[in-house]
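Asker: turn this into a structure:
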Amino acid sequence: MTFSPPTTKIRIILMDLNKTVCDTWLKHLSDFNKTKFSTTKNLSWFDIPLEIIVHNGDFDQLASKVNLKPKPSFQHYNEKLMTSTSAALVSSIPQTYEQHMKVNQCTTTIVSPGNSIGYMGGGFDKALAELFSPTGNPTNWKDTELAVQSNLLDGYKGYLTPTNANLIEFKTDSFFQNSKAWNLLSANSILHIPTMRVPRRLYHGPEDTLDMYRFVFDSTWEVLSTLNKANLTTLHLGLNRYSFIDTLVLTGFGTGYGKIPIDVMCKAMISAITIFTNHSLKRVDKSIYCLKFLKEDYKKLVKQDEINTDVSQEPFDPLEDPIDQLYFTKH
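Answerer: Numbers count the residues shown, from 1 in each chain. All right, here's what the predicted structure looks like:
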């Protein structure tokens with residue numbers, strides 16, 4: 001059985017408390033919009049228009065800025081079941097969360113660029129753990145951390161390797177009734193991707209710059225791919241997913257402990273997002289644009305396998321060239 005996406009818009013929200021990070025994301029989005037492609041006409045996901053939102057602020061401010069609250073029918077779902085005396089009304093309400101959400105509710109997932117063993121005691125991860133507390137009390141953030149670590153233990157024997165992503169859902173009644181993640185943002189999952197095994201510096205100097213472009217680009221691509229696979233499971237199989245995820249919230253990768261330069265991080269993230277969701281590109285062209293941005297010698301593949309691509313073979317260097325130069329065609 002195949003389901004249709006129950007939404008008219010997919011959102012990627014780039015959020016950070018650092019205004020410089022947000023301004024830099026916007027700069028690189030502006031560079032992309034100088035190309036023959038644009039964020040308003042050419043970006044889509046599952047044939048649904050994509051909106052990229054840059055948010056300088058916290059989760060509460062995001063909830064005020066973008067309406068992501070769950071549908072009223074779901075917010076009061078338990079109350080209806082507990083207080084209704086009408087058999088007809090009760091029979092018309094889906095009897096499980098799975099049934100209800102599959103029919104009525106799209107959800108949000110929030111990316112945790114954390115560590116390999118799921119400790120969430122600092123920075124963005126701490127704020128995320130507080131947001132997802134199933135009691136609604138941020139002081140109980142350890143409940144979130146335990147859920148993340150239990151998931152890692154079950155699926156990965158307690159250790160998730162860097163740049164590999166894992167989607168962790170929260171399914172308990174108490175979570176849907178009480179957590180701020182659900183009640184503010186319709187978020188019922190964390191997309192965990194370790195950017196480091198333990199908190200440590202990733203960037204040590206200019207000699208690391210190209211590697212950092214590649215690291216952030218690949219991490220962003222992995223996040224997008226993991227979400228893509230989860231939604232495909234929902235749409236084509238209707239299995240293992242409560243709902244279609246129509247909103248992805250991302251913060252900057254590696255600029256805290258990792259000391260990755262802000263411009264490098266922002267440019268790599270915007271490039272990955274705009275290539276991944278550009279429906280105007282053939283699959284092979286997406287592949288080549290990835291390699292071209294990452295300064296890999298893709299010409300060997302084109303020549304060896306006689307790949308038919310529309311990508312210009314004009315040189316591109318992520319260390320020097322703006323994103324619009326990636327798509328430059330010499331006339």
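Asker: only C-alpha atoms for contact and neighbour calcs from this point on.
Answerer: Noted.
Asker: ranges for the helices of the stretch 101-250 of the chain?
Answerer: The residue ranges that make up the helices of the stretch 101-250 of the chain, judged by DSSP state H, counting those that start in this stretch, are 123-131, 142-156, 173-178, 180-185, 209-236.
Asker: relative to the whole chain's centre, how far out is the fourth one?
Answerer: Which is helix 180-185. Averaged C-alpha coordinates place helix 180-185 at 17 Å from its chain's average position (C-alpha atoms, centre = their mean, to the nearest Å).
Asker: which other helices and strands contact it?
Answerer: Applying 3 or more C-alpha pairs under 8 Å, 6 or more residues apart in numbering; DSSP states H and E, we find helix 180-185 packed against helix 59-65, helix 173-178, strand 187-192.
Asker: tell me the most buried of those?
Answerer: With neighbours taken as mean count of other C-alpha atoms under 10 Å, these reach their highest mean count in strand 187-192, at a mean of 24.
Asker: least reliable of the helices and strands packed on helix 180-185 by average pLDDT, please.
Answerer: When the helices and strands packed on helix 180-185 are compared by mean pLDDT, helix 173-178 comes last with a mean of 86.
Asker: then that helix to PDB, C-alphas only?
Answerer: Output for helix 173-178, consisting of C-alpha atoms alone and laid out as PDB, is shown next (Å, rounded to 0.1, in the frame of the first residue of the first chain):
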ATOM      1  CA  ASP A 173       1.400   8.300  26.400                       C
ATOM      2  CA  SER A 174       3.200  10.600  28.900                       C
ATOM      3  CA  PHE A 175       5.400  12.000  26.100                       C
ATOM      4  CA  PHE A 176       2.400  13.000  24.000                       C
ATOM      5  CA  GLN A 177       0.600  14.500  26.900                       C
ATOM      6  CA  ASN A 178       3.400  16.400  28.600                       C
END
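Asker: give me the number of residues near the residue lying closest to Leu26 once chain neighbours are set aside?
Answerer: If the residues on either side of it in the chain are set aside, Leu26 comes closest to Val54, at 7.2 Å by C-alpha to C-alpha, 6 or more residues apart in numbering. Applying other C-alpha atoms under 10 Å, we find 21 residues neighbouring Val54.
Asker: gap between Val54 and Asp154?
Answerer: Val54 sits at a distance of 35 Å from Asp154 (criterion: C-alpha to C-alpha, to the nearest Å).
Asker: list the contacts of the longest strand along the chain.
Answerer: Determined from DSSP state E, the single longest strand within the chain is strand 48-56. With C-alpha atoms under 8 Å, 6 or more residues apart in numbering as the test, strand 48-56 has contacts from 7-19, 22, 25-26, 39-40, 43-44, 62, 277.
Asker: buried residues in it?
Answerer: Counting neighbours by 16 or more other C-alpha atoms under 10 Å, one finds that the buried residues in strand 48-56 are Pro49, Leu50, Glu51, Ile52, Ile53, Val54, His55, Asn56.
Asker: can you add pLDDT and give those residues back as JSON lines?
Answerer: Listed next are these as JSON lines, based on pLDDT from 0 to 100:
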{"residue": "Pro49", "pLDDT": "94"}
{"residue": "Leu50", "pLDDT": "96"}
{"residue": "Glu51", "pLDDT": "96"}
{"residue": "Ile52", "pLDDT": "97"}
{"residue": "Ile53", "pLDDT": "98"}
{"residue": "Val54", "pLDDT": "98"}
{"residue": "His55", "pLDDT": "98"}
{"residue": "Asn56", "pLDDT": "98"}
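Asker: ok, these vs Thr209, which is closest?
Answerer: Of all those, the one sitting nearest Thr209 is Val54; the distance, using C-alpha to C-alpha, is 24.3 Å.
Asker: look at Asp31 and give its secondary structure.
Answerer: Using DSSP: H, G, I helix; E, B strand; the rest coil, the three-state assignment for Asp31 comes out as helix.
Asker: quick one: low-confidence parts of the stretch 1-150 of the chain?
Answerer: Under the criterion of pLDDT under 70, the regions of the stretch 1-150 of the chain flagged as low confidence span 1-3, 72-104.
Asker: measure the residue most central in space within the chain to Asp143 for me?
Answerer: Using C-alpha atoms, centre = their mean, the residue of the chain that lies closest to the mean C-alpha position is Leu248, 4.2 Å off. In this view, Leu248 and Asp143 are 23 Å apart by C-alpha to C-alpha.
Asker: show me the domain layout of the protein.
Answerer: Residue ranges for the domains of the chain, per automatic domain parsing: 10-70+105-280, 284-331.
Asker: and the first one, how far from the chain's centre?
Answerer: Meaning domain 10-70+105-280. 4 Å.
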